[in-house]
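Engineer: build the 3D model from these lines:
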Amino acid sequence: MTQPDVTVVIGAYEAMPYLVECLRSVEAQTLDPSRIEVIAVDDGSTDGTGEYLEEFATRAATHVTVIRQENSGGPSSPRNVGLGKASGRYVFFLDADDRLAPEALERMVAMADRNGTDVVLGKVEGINRVPPKAAWVETLERTDVFHSNIKFTLSAQKLFRRALLERHSMRFDESLFTGEDALFTMEAYLRADGVSVIADHTCYFLVGRDDGKHVTKSGSYTLRFDSARALMNLIAEMVPPGVERDKLMLRPFLVTLLPQFGPKYVGDSERVRRHKFELAKPLMDAHWTDEVALRLKVDERLRLHLVAEQRPELLLEIAQFLKSKKRPEAVVEGRGRRVYLAYPHFRSAEAGLPDSLYLAEPREARGVGGYREGGAGVFLRRVVRKVRRLRAGGGGPRSSPRP
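Structural biologist: Numbering: from 1, shown residues only. Now for the predicted structure:
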């Protein structure tokens with residue numbers, strides 16, 4: 001058989017009836033069926049998923065291979081099995097409850113071929129789910145993870161050049177039960193010879209299941225810390241210390257770690273709160289820097305600072321404030337060039353927190369009356385530079401400095 005352009009790998013577990021529309025979306029592709037290969041792996045389903053895949057294989061115009069295995073407990077094993085059998089120039093990982101847009105594969109293959117890029121991101125829309133949005137600001141023929149927002153979409157539903165994956169023996173980590181796709185995709189971004197983004201045409205529909213069985217909605221909070229740890233370690237291993245590493249570290253801090261210390265923290269038991277701080281401590285000690293803090297909004301920076309400093313008693317009040325959906329008072333100083341957002345403990349002598357934690361960056365300060373742009377960001381960066389000089393001389397605080 002002539003080598004197909006793309007292998008669509010479908011890992012499926014208890015996927016009925018969503019699988020029906022998923023496979024219809026494969027059949028509807030405008031790319032010639034002879035240029036598509038499907039490897040579908042039934043991960044021990046009991047709802048007819050495997051049988052439906054086998055029936056589909058007998059009638060599909062494209063070449064379909066169905067593999068049935070015992071349940072593995074997560075999405076990594078089916079994807080790895082499918083990847084191991086793939087023969088296409090490119091690989092696309094399609095979740096069995098989602099759908100492709102009709103022109104998706106044709107557009108993504110053409111984009112990769114035109115630019116020689118190793119990864120292509122096709123625009124995602126949600127059906128009963130909220131899709132990621134930061135990466136789809138504009139179509140980019142060629143970019144990388146440091147000069148775009150692609151770090152905020154680390155799901156596996158991308159087009160990957162198979163030669164890249166095989167050259168580096170890349171597979172999904174089967175020890176992770178959430179965030180395994182983030183680890184895989186971030187590694188691909190970092191190893192890729194260019195990434196392309198299709199933002200002007202929807203390629204993928206992310207479908208929210210009515211039964212609530214989507215994997216990202218389930219699992220213990222400890223799995224989120226496992227995911228954050230794995231991603232942070234990967235970034236630290238592949239990117240030298242400095243601004244570029246901090247740009248990428250923003251993602252696991254913001255998307256994976258921070259939600260554990262937001263409004264849901266209020267409802268946690270005291271035991272769970274203590275455990276979350278214990279799990280977070282080595283991650284904060286190893287990877288939390290002033291540059292990461294600088295890239296966050298005030299409430300985000302404040303919460304993670306309190307986690308880094310192991311001050312759960314102060315964090316609880318911040319989380320309660322956020323859960324109440326109150327708006328902090330804006331304190332404008334420096335002839336309008338500095339805006340402080342007065343979340344709890346602002347200028348509390350007892351708490352002793354530095355003002356710089358509460359200083360809004362321009363993107364957050366612009367909505368405040370009386371603000372004159374051009375001061376806050378410069379001021380906060382000057383503070384960070386001062387702290388660096390202090391550290392070089394052997395002194396100064398570990399993180400989030402006092403101005």
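
Engineer: tell me the confidence at residue 344?
Structural biologist: With respect to pLDDT, residue 344 scores 97.

Engineer: hang on, it in a helix?
Structural biologist: No. Counting by DSSP: H, G, I helix; E, B strand; the rest coil, one finds residue 344 to be coil, located in no helix.

Engineer: residue 318 is in contact with that one, correct?
Structural biologist: Yes. Counting by CB atoms under 8 Å, residue 344 does reach residue 318; the two are 5.6 Å apart. Placement of C-beta: from N, CA and C, glycine included.

Engineer: need the residues touching each of these two.
Structural biologist: Residues touching both residue 344 and residue 318 by CB atoms under 8 Å, 6 or more residues apart in numbering: none at all.

Engineer: give me the pLDDT for residue 396.
Structural biologist: 41.

Engineer: okay, and residue 155 sits in which element?
Structural biologist: Following DSSP states H and E, there is no helix or strand that holds residue 155.

Engineer: once you drop chain neighbours, what's closest to it?
Structural biologist: residue 181 (5.3 Å; CB to CB, 6 or more residues apart in numbering).

Engineer: so who does residue 195 touch?
Structural biologist: Residue 195 sits next to 117-121, 140, 142-145, 148, 150, 189 when contact means CB under 8 Å, 6+ apart.

Engineer: angles on the backbone of it, please.
Structural biologist: Main-chain dihedrals, residue 195, degrees, to the nearest 10: phi -130, psi 140.

Engineer: follow-up on the earlier one: buried ones among the contacts of residue 195?
Structural biologist: Buried residues within these, counting neighbours by 16 or more other CB atoms under 10 Å: 117, 118, 119, 120, 121, 140, 143, 144, 145, 148, 150, 189.

Engineer: please, which helix or strand holds residue 340?
Structural biologist: Using DSSP H and E, residue 340 falls within strand 338-342.

Engineer: is it possible to get JSON lines of the contacts of residue 195 that adds pLDDT and distance to residue 164?
Structural biologist: Shown next, in JSON lines, are these (pLDDT from 0 to 100; distance: CB to CB, whole Å):
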{"residue": "117", "pLDDT": "98", "distance to residue 164": "10"}
{"residue": "118", "pLDDT": "98", "distance to residue 164": "5"}
{"residue": "119", "pLDDT": "98", "distance to residue 164": "8"}
{"residue": "120", "pLDDT": "98", "distance to residue 164": "12"}
{"residue": "121", "pLDDT": "98", "distance to residue 164": "15"}
{"residue": "140", "pLDDT": "97", "distance to residue 164": "18"}
{"residue": "142", "pLDDT": "98", "distance to residue 164": "15"}
{"residue": "143", "pLDDT": "98", "distance to residue 164": "16"}
{"residue": "144", "pLDDT": "97", "distance to residue 164": "14"}
{"residue": "145", "pLDDT": "97", "distance to residue 164": "14"}
{"residue": "148", "pLDDT": "95", "distance to residue 164": "18"}
{"residue": "150", "pLDDT": "96", "distance to residue 164": "15"}
{"residue": "189", "pLDDT": "98", "distance to residue 164": "11"}
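
Engineer: and which of these is nearest to residue 62?
Structural biologist: Taking CB to CB as the measure, residue 120 is the one of the contacts of residue 195 closest to residue 62, at 19.8 Å.

Engineer: picking that back up, mind giving me the packing neighbours of the strand holding residue 340?
Structural biologist: Strand 338-342 is packed against strand 329-333, helix 362-365, helix 376-392, with contacts defined by 3 or more CB pairs under 8 Å, 6 or more residues apart in numbering; DSSP states H and E.

Engineer: and the spatially closest residue to residue 250 that is not a sequence neighbour, what does it touch?
Structural biologist: Excluding its sequence neighbours, the residue lying closest to residue 250 (CB to CB, 6+ apart) is residue 295, at 5.2 Å. By CB under 8 Å, 6+ apart, the contact list for residue 295 reads 246, 247, 250.
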